[in-house]
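A.B. asks: Here is my input; please provide its structure:
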Amino acid sequence: MDNEYRLQMKGITKQFPGVLALDDVDLEVRPGEVLAVIGENGAGKSTLMKILSGALVTEQGEVFLDGELIGPDKTPRERMELGIAIIYQELTNLDEMTVAENLFMGDIPLKGRVIKTVDYKALWARSKELLTRFNLPYDPFSLMKTLTVAEKQMVEILRAVSRNVKVLVMDEPTSSLSETEVAELYELIHELKDRGVAILYISHKLDEVFAIADRVQVMRDGKCVAVHNIGEVVTEQLVELMVGREIEDMYPKEEAEIGGVVLEAEHLACQIARDISFNVRRGEILGLFGLLGSGRTEAIEGMIGKLELEEGTVRLEGQEVSFANPIKAKDMGVAYVSADRKKEGLVLMQTVAANISVTMIDELVKGPVMDFKREAGLVEEWIGNLNIKTPSPYVATESLSGGNQQKIVIAKWLLTSPKVLILNEPTRGIDVGAKVEIYKIMEDLCKRGIAVVMISSELPESIGICDRIVVFKDGYVKGEFLRKDFTQKDILHVAVGADKQ
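C.D. replies: The predicted structure is shown next:
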């Protein structure tokens, strides 16, 4: 094979029962190059990477590393030893072990001829040398649990580097990082590029693709549909390639009839949030925008009783209320969809039906008996209402795409017939097509008279879908914009700098 490329995958085909997951896919990446691999959930990206890692075996196709064929019998460990490493979105660090032990997991230096023990002196020296080489000021013997998510991710990348990585796959690497941490990750990627590492960068965030990639490969329905140099393509083209149709407007915003105030907060204080006042009206989408640490989430979670509210007044339909916890808020008509659907929104091993019906369990259980017929009817109704793509209501939720998992979380709260639906980062980690479907759901809720509050870190999303935006900075509300006054420059100026005049 052509030695111009560090990695070549040729004619990769993978069949699952009833599904052609990959159909004759090619992929090539050079030493020192970042190739972004993008596509909607289910496009085949993860399957392709699992074949590269050895976790799955392909029916057809070949993989070459530096021109040498890698046999399909090579195990994941053997491929790792050849220089192929994957950093998954869900990190594999061991929190109760040290940074050094995590860096050299599976390759920890030992001493002693008969009884082998860890050579901590050598372990410290090797760890310090590696951390210093990449300008990371971590103590090799500090516990992993003391590090931030970004720092843990850096350790996982360095673990791959310590084994002379040649090809590094990064799967949604910035999903839990702040802007500062993203910048640090980009610096490390540039270091790896300079050292000749070929990087496959999987992301739903197209701004990242343009910031870090040299080329971009678009996948759809198990096929490679396009490969472009990054300077030869624009965002709209990539979106259309991913979804297979033109999206005239990413944000299907329609004029809705906005009624009176449903939920109102006055002078709330909770953790870093101080003196927070805002309201949301019936049929309105209210955006709460701010950078990480601005106090948006703390204000909402204090209001609904998830965090302790230190002071302030909450009114629901004009009546002063106090929510002891989110369940009490739900019972009174205020539903909250957390930003972390996997930890707080879903039980992934449970079925789709169980996850949707959980908020109605008290009504579905009569004595010792569950009313399965009524549950099935409600679940089928909401699967249809939200167009949840699932082969059955009784498959494990973890088997569905991120966008469909998010719809399940929304469905379970809509089942309670809320007056107000609060969505925290509702489109985080899902593909472009699924985002548009979530926006349409929000629009439909407004037409039904429900008030929607959306917390989002994506300013284009907030501008595209909201009727009003309240801007947070450093724990305070710093500005409010009506839709007719939305500009990215003005809103961002308030979020990072001076107040809106």
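A.B. asks: For the rest of this, base every contact and every neighbour count on C-alpha atoms.
C.D. replies: Noted.
A.B. asks: Enumerate the strands of the stretch 301-450 of the chain by residue range, in sequence order.
C.D. replies: In the stretch 301-450 of the chain, the strands defined using DSSP state E, counting those that start in this stretch lie at 311-316, 319-321, 334-337, 365-366, 369-370, 420-424.
A.B. asks: out of these, nearest to residue 377?
C.D. replies: strand 369-370 (13.3 Å; Cα to Cα).
A.B. asks: Contacts for that closest one next, please.
C.D. replies: Residues from elsewhere that reach strand 369-370 (Cα atoms under 8 Å, 6 or more residues apart in numbering): residue 364.
A.B. asks: Would you give the sheet partners of it, along with the direction of each?
C.D. replies: Using DSSP bridges, the strands paired with strand 369-370 in its sheet are strand 365-366 (antiparallel).
A.B. asks: low-confidence ranges in the chain?
C.D. replies: 1-2, 17-18, 41, 89-91, 175-176, 245-250, 497-501 (pLDDT under 70).
A.B. asks: doesn't residue 352 make contact with residue 393?
C.D. replies: Yes. Residue 393 is in contact with residue 352 according to Cα atoms under 8 Å; the separation is 5.1 Å.
A.B. asks: Domain map for this protein?
C.D. replies: With domains defined by automatic domain parsing, the chain comprises 7-243, 249-326+451-501.
A.B. asks: For these, give me TSV that also has distance to residue 405 and mean neighbour count.
C.D. replies: Below are the domains of the chain laid out as TSV (distance: least, Cα to Cα, whole Å; neighbours: other Cα atoms under 10 Å):
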stretch	distance to residue 405	mean neighbour count
domain 7-243	11	18
domain 249-326+451-501	18	19
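A.B. asks: now those in a markdown table, with distance to residue 362?
C.D. replies: Formatted as a markdown table, the domains of the chain follow (distance: least, Cα to Cα, whole Å):
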| stretch | distance to residue 362 |
| --- | --- |
| domain 7-243 | 34 |
| domain 249-326+451-501 | 16 |
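A.B. asks: Out of these, which is closest to residue 428?
C.D. replies: domain 7-243 (7.7 Å).
A.B. asks: ok, residue 393 and residue 352, which is more surrounded?
C.D. replies: residue 352 (29 against 19; other Cα atoms under 10 Å).
A.B. asks: wait, what's in contact with that one?
C.D. replies: Per Cα under 8 Å, 6+ apart, neighbours of residue 352: 393, 394, 395, 396, 397, 408.
A.B. asks: Just the buried residues of those.
C.D. replies: Buried members of the contacts of residue 352, counted by 16 or more other Cα atoms under 10 Å: 393, 395, 396, 397, 408.
A.B. asks: which one among those gets closest to residue 430?
C.D. replies: Ranked by distance to residue 430 (Cα to Cα), those are led by residue 408 at 13.3 Å.
A.B. asks: Could you list which residues are in contact with the closest one?
C.D. replies: Contact partners of residue 408, counting by Cα under 8 Å, 6+ apart, are 352, 355, 356, 383, 388.
A.B. asks: Might one say that residue 138 is in contact with residue 131?
C.D. replies: Yes. Between residue 138 and residue 131 there is a contact at 7.1 Å, judged by Cα under 8 Å.
A.B. asks: which residues are common contacts for the two?
C.D. replies: Joint contacts of residue 138 and residue 131 (Cα under 8 Å, 6+ apart) do not exist.
A.B. asks: Which stretch among the strands of the stretch 301-450 of the chain approaches residue 214 most closely?
C.D. replies: Across these, closest to residue 214 is strand 420-424 (Cα to Cα), at 32.6 Å.
A.B. asks: Can you name every helix or strand that that closest one contacts?
C.D. replies: For strand 420-424, the packing partners by 3 or more Cα pairs under 8 Å, 6 or more residues apart in numbering; DSSP states H and E come out as strand 334-337, strand 451-456.
A.B. asks: what residue lies at the spatial centre of the protein?
C.D. replies: Nearest residue to the geometric centre of the chain (Cα atoms, centre = their mean): residue 429, 2.8 Å.
A.B. asks: Quickly note the distance from that one to residue 202.
C.D. replies: Look at residue 429 and residue 202: by Cα to Cα, to the nearest Å, they are 11 Å apart.
A.B. asks: list the residues that contact both of the two?
C.D. replies: Contacts common to residue 429 and residue 202, judged by Cα under 8 Å, 6+ apart, are residue 172.
A.B. asks: Would you map the strands across the stretch 101-250 of the chain?
C.D. replies: Using DSSP E, counting those that start in this stretch, strands in the stretch 101-250 of the chain cover 110-111, 117-118, 167-171, 198-202, 215-220, 223-229.
A.B. asks: Would you convert those into CSV that also reports distance to residue 419?
C.D. replies: Putting the strands of the stretch 101-250 of the chain into CSV (distance: least, Cα to Cα, whole Å) gives the following:
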stretch, distance to residue 419
strand 110-111, 62
strand 117-118, 60
strand 167-171, 37
strand 198-202, 38
strand 215-220, 38
strand 223-229, 43
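A.B. asks: out of those, which comes closest to residue 273?
C.D. replies: Of the strands of the stretch 101-250 of the chain, nearest to residue 273 by Cα to Cα is strand 167-171, at 32.9 Å.
A.B. asks: any chance you could map the helices in the stretch 151-300 of the chain?
C.D. replies: Assigned by DSSP state H, counting those that start in this stretch, the stretch 151-300 of the chain shows helices spanning 179-194, 206-212, 235-243, 296-303.
A.B. asks: Show me what the third one is packed against.
C.D. replies: If contacts are counted by 3+ Cα pairs under 8 Å, 6+ apart, helix 235-243 sits against strand 215-220, helix 432-447.
A.B. asks: With the last one instead?
C.D. replies: If you count contacts as 3+ Cα pairs under 8 Å, 6+ apart, helix 296-303 packs onto strand 261-270, strand 273-281.
A.B. asks: got the angle for it vs strand 451-456?
C.D. replies: Calculated by axes from the mean of the first three to the mean of the last three Cα atoms, to 10 degrees, helix 296-303 forms an angle of 140 degrees with strand 451-456.
A.B. asks: Can you tell me what sits against helix 296-303?
C.D. replies: 265, 268-273, 276, 288-290, 307-309, 314, 323, 424, 455, 472, 475.
A.B. asks: and if you look at the first one?
C.D. replies: Under the contact criterion Cα under 8 Å, 6+ apart, helix 179-194 has outside partners 31, 32, 33, 34, 134, 150, 154, 174, 199, 212.
A.B. asks: what's the most distant pair in those?
C.D. replies: Longest span within those, Cα to Cα: 31 and 150, 25.1 Å.
A.B. asks: Next, format the contacts of residue 408 as a markdown table and append distance to residue 236.
C.D. replies: Output for the contacts of residue 408, formatted as a markdown table (distance: Cα to Cα, whole Å):
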| residue | distance to residue 236 |
| --- | --- |
| 352 | 33 |
| 355 | 35 |
| 356 | 34 |
| 383 | 30 |
| 388 | 26 |
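A.B. asks: mind listing which of those are in helices?
C.D. replies: Judged by DSSP state H, the subset of the contacts of residue 408 located in helices is 352, 355, 356, 383.
A.B. asks: most packed of the helices and strands packed on helix 235-243?
C.D. replies: Of all these, strand 215-220 has the most neighbours on average by mean count of other Cα atoms under 10 Å, namely a mean of 22.
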